[in-house]
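>>> Let me see the structure of the following:
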Amino acid sequence: MTSNKNKFEVESKLENVPAILDFIAEKMEEDIASEATIAKVQLAVDEACTNIINYAYSGHGGLITIICELVGDDFVVTIRDKGKPFDPRMVPPSDLESEWDKRKVGGLGIHLIRAVMDDVNYEFDAVKGNTLIMRKRFMRENSKS
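Residues are numbered from 1 along each chain as shown. Okay, here's the model as predicted:
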C-alpha cells in the first residue's frame, strides 16, 4: 500500500477494501462532507473495487489506484486498474420490477453506483488500462451530521 495526499495504491485483494474505504472517508472529511455523503461514496467505491478485484483481475492480483480530488463542489474519485476492460456504461439498467424469483442473480453493483453517484464515466487505454471516474456533488458543510 502506498499513499500520498490524494492518491492511494493498493494490491487488488478483498482484504484491502477497508483501507480503501478509510482513505475515501479521510479525504472527504477534510472537505467537511456529511457522514451520509461519505457513506454513499464509500458504497460506490466498494462496489467498483470489488468488481475490479473479482472480475478485472479475476483474483490474480494487480494494482488499484484511487485518486481523490475536490473540483468545485464535486468530490471526484478516479479508480485505475490494468485488469480486463469493462465499461459500466454498457450495462443495461437493473430489473427492479420483476418478481424476485424472475430476476437475474447479481448485477446490482453498477445500479448502486449509478444511484448514489451524480456522474459515472469510464475510459480505456491499451497502455494506461481502465479508468473509472465518479463524481459526487455536495456542498461543504460547517459540521458533519
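
>>> and M117, what does it touch?
Each residue near M117 by Cβ atoms under 8 Å, 6 or more residues apart in numbering is listed here: K40, V41, A44, M134, R135, K136. For the C-beta atoms, the positions are set from N, CA and C on the backbone; glycine is no exception.

>>> again, 6 Å this time
A44, M134, K136 (Cβ atoms under 6 Å, 6 or more residues apart in numbering).

>>> Can you tell me which of the residues you listed lies closest to I20?
Lowest distance from I20 to those (Cβ to Cβ) belongs to A44, with 11.5 Å.

>>> If you tally nearby residues, what's the number for the closest one?
24 (other Cβ atoms under 10 Å).

>>> Could you do I32 as well?
14.

>>> now do the one 3 residues further on
Here the neighbour count serves as a burial measure; for E35 (other Cβ under 10 Å) it reads 12.

>>> That one and I24: what is the separation?
Going from E35 to I24 by Cβ to Cβ, to the nearest Å gives 12 Å.

>>> Same question for D81.
16 Å.

>>> Least confident secondary structure element in the protein?
strand 2-3 (a mean of 66; mean pLDDT, DSSP states H and E).

>>> who's in contact with the residue lying closest to D74 once chain neighbours are set aside?
Closest residue in space to D74, ignoring its immediate chain neighbours: R135 at 4.6 Å, by Cβ to Cβ, 6 or more residues apart in numbering. Contacts for R135 were tallied using Cβ under 6 Å, 6+ apart; they are D74, V76, D118, D119.

>>> Can you report how many residues neighbour the first one?
Think D74. D74: 14 neighbours (other Cβ under 10 Å).

>>> Return the set of residues that bridge with it.
Assessed by DSSP bridges, D74 has beta-bridge partners V71, R137.

>>> hang on, it packs against R137?
Yes - contact criterion Cβ atoms under 6 Å: D74 and R137 qualify, at 5.4 Å.

>>> quick one: secondary structure of the residue nearest to D125 when sequence neighbours are not counted?
Spatially, and ignoring its direct neighbours in sequence, D125 is nearest to T131 (7.4 Å; Cβ to Cβ, 6+ apart). Under the three-state scheme (DSSP: H, G, I helix; E, B strand; the rest coil), T131 adopts strand.
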